[in-house]
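A.B. asks: From the sequence below, what's the structure:
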Amino acid sequence: MAGDASSRWVCFNAAMNASVEDAVRNLTGRYCAAVVDFDRDIFGACWMPDAQWHAKGNVIEGRDRIVRVFEKLRGQYTLCVQELLSGVIEPLSATEASATWQIRELQFPNEGPGVQLLGIYTDTCVYDGERWRFARRAFRELYRGPLDTSGNLSAT
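C.D. replies: You can find the predicted model right below:
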């Protein structure tokens, strides 16, 4: 009987981990969609009310302030597409996970040439009883530089 209980625990643990991983992956996908669509509501819904966003030596605290900074930053671009290159999700419990994502962002400024950004996001994600949200996101920039944008921009 002990083997049966152990097998059930392993199956439950695997199912819980897969569910957490799917939820965190979907949260990150919603974030990327909000960036490309410049959707403040979806972007804001990705964050806990007391979340922290760490980038370029700055710490932005609180969902409302994070959304205001997003509006200011994203407003500088006609189009901004964030791509997830790869990621690792570590479920810590049924309601908390950490994740690390390698990203590429293609930025089409309102004026001037396009830019490519490469970096790493390190996240703490939590389930608040309603949905998964970021409690903390820390971005480390690896590269920012030229991007050949001589093609036609058709998604605006």
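
A.B. asks: Show me the residue at the heart of this structure, geometrically.
C.D. replies: residue 28 (3.9 Å; Cα atoms, centre = their mean).

A.B. asks: Tell me the predicted confidence for that one.
C.D. replies: What the model reports as pLDDT for residue 28 is 97.

A.B. asks: contacting residues around it?
C.D. replies: Contacts for residue 28 were tallied using Cβ atoms under 8 Å, 6 or more residues apart in numbering; they are 84, 87, 99, 101, 123. All C-beta atoms are positioned from the backbone trio N, CA, C, and that covers glycine.

A.B. asks: The third one sits in which helix or strand?
C.D. replies: In this structure, residue 99 is located in strand 96-109 according to DSSP states H and E.

A.B. asks: about what we covered before: name the next helix or strand downstream of the helix or strand containing the residue nearest to the centre of the chain, please.
C.D. replies: Secondary structure assignment for residue 28, by DSSP H and E: helix 2-37. Downstream of helix 2-37, the next assigned helix or strand under DSSP H and E is helix 40-45.

A.B. asks: returning to that earlier point: what's the distance between the residue nearest to the centre of the chain and residue 75?
C.D. replies: 22 Å (Cβ to Cβ, to the nearest Å).
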